[in-house]
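Engineer: here is a sequence together with a model predicted from it:
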Amino acid sequence: MHSLLKQILDHKRHEVARLKRDGLPPESESVRRSDFRKAISVPGRVSVIAEIKFASPSAGTIREQSDPRAIGRLYEEIGAAAVSLITDERFFRGNPNHLPLLKHSISLPVLRKDFIIDEAQILESARLGADAVLLIARLLSEGQLRDFLAACRDLQLEALVEVHDRADLEQTVACGAGIIGINNRDLDTFEVDLTTTAELAPLVAATHVVVSESGVKSGEDIHYLRGFGVHTVLVGTSLMGSEDVAGKLRELVEAGRKRGTQAEPAA
């Protein structure tokens, strides 16, 4: 495990302890729940989950902070299938309190993307209005993953379970996950390689939804991934770091709607 990831997890344990000490946010009764799985698995299309991400430990500042509601509305206007909101504050400059604000501003499903290591964070996500949460298989035991998936079902949340290798994938499927996110970023080295999806996606049964995460930069990348049965791509850095966010998202959305010949991944 990369040293940066260890730092993040150490800090996350302190955050969870504070959450349990201070109490969960009140339940938002006015926020309606959207069908995340249905939104990202449209037949014949590679959908785009567009991410709101201002910084990362590996890339530093990606974009100066601005109103996530405006970004979400832009994503919806261009044709994203769902929005991923990174809520980690210390390392990614996110904020959990942005989640209900975003939900009230758009009709798209919202994925809460954070480092979830305790069931209290899942309940917090539901109360903030999330439609889905990210679970990272590498960070959880098999028992934790089963329990967290059960908690999501009880709260009517979808879970995007992230894997990076065959062992992660086998454990995730055995635990009953329905949406598999294949992370092209190696959590040990932080290097990104789209062939991770090319190797793992064909191993996933057709009953599951496959999401390719990290490293998608162009329409050519989407054409490449389509050939391996990918239903959806999650794109953050190449969107938020673009000088023309709308133009970049439009390129990705249009590529996902077109069937083309399989291309090589962009360099």
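Structural biologist: Received it, and whenever you're ready, just let me know what you need.

Engineer: contacts and neighbour counts: CA atoms only from here.
Structural biologist: Will do.

Engineer: contacting residues around the helix or strand hosting Val48?
Structural biologist: Val48 belongs to strand 47-52 when assigned by DSSP states H and E. With C-alpha atoms under 8 Å, 6 or more residues apart in numbering as the test, strand 47-52 has contacts from 40-41, 68, 71-72, 75, 80-86, 231-237, 239-240, 249, 252-253, 256-257.

Engineer: just the ones of those residues in strands?
Structural biologist: Ala82, Val83, Ser84, Leu85, Ile86, Thr232, Val233, Leu234, Val235 (DSSP state E).

Engineer: so the second one touches Arg73, yeah?
Structural biologist: No. Using C-alpha atoms under 8 Å, Val83 and Arg73 do not qualify as a contacting pair, with a distance of 9.8 Å.

Engineer: more neighbours: the two, which one.
Structural biologist: More neighbours surround Val83 than the other of Val83 and Arg73, with 30 against 17 (other C-alpha atoms under 10 Å).

Engineer: distance of that one relative to Thr237?
Structural biologist: Noted for Val83: a distance of 14 Å to Thr237, by C-alpha to C-alpha, to the nearest Å.

Engineer: got it, and Cys152?
Structural biologist: Separation of Cys152 from Thr237 (C-alpha to C-alpha): 27 Å.

Engineer: figure out how far stretch 200-213 is from the centre of its chain.
Structural biologist: Relative to its chain's centre, stretch 200-213 lies at 15 Å (C-alpha atoms, centre = their mean, to the nearest Å).

Engineer: any weak-confidence spans in the chain?
Structural biologist: In the predicted model, the chain carries pLDDT under 70 at residues 1, 29-31, 259-267.

Engineer: look through it and tell me its longest helix.
Structural biologist: Counting residues, the longest helix found in the chain (DSSP state H) is helix 3-22.

Engineer: can you show me the CA trace of it as CSV?
Structural biologist: Extracted in CSV, the C-alpha atoms of helix 3-22 (Å, rounded to 0.1, in the frame of the first residue of the first chain):
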residue,chain,number,x,y,z
SER,A,3,2.5,5.7,1.9
LEU,A,4,0.0,8.4,0.8
LEU,A,5,-2.8,5.9,1.1
LYS,A,6,-1.6,5.0,4.6
GLN,A,7,-1.7,8.6,5.6
ILE,A,8,-5.2,9.0,4.3
LEU,A,9,-6.5,6.0,6.2
ASP,A,10,-4.8,7.1,9.4
HIS,A,11,-6.5,10.5,9.2
LYS,A,12,-9.8,8.9,8.2
ARG,A,13,-9.8,6.9,11.4
HIS,A,14,-9.6,10.1,13.3
GLU,A,15,-12.5,11.5,11.2
VAL,A,16,-14.7,8.5,11.9
ALA,A,17,-14.0,8.8,15.7
ARG,A,18,-15.0,12.5,15.5
LEU,A,19,-18.2,11.6,13.6
LYS,A,20,-19.2,9.0,16.2
ARG,A,21,-18.3,11.5,19.0
ASP,A,22,-20.2,14.5,17.5
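
Engineer: and it, what does it pack against?
Structural biologist: Under the contact criterion of 3 or more C-alpha pairs under 8 Å, 6 or more residues apart in numbering; DSSP states H and E, helix 3-22 touches helix 119-128.
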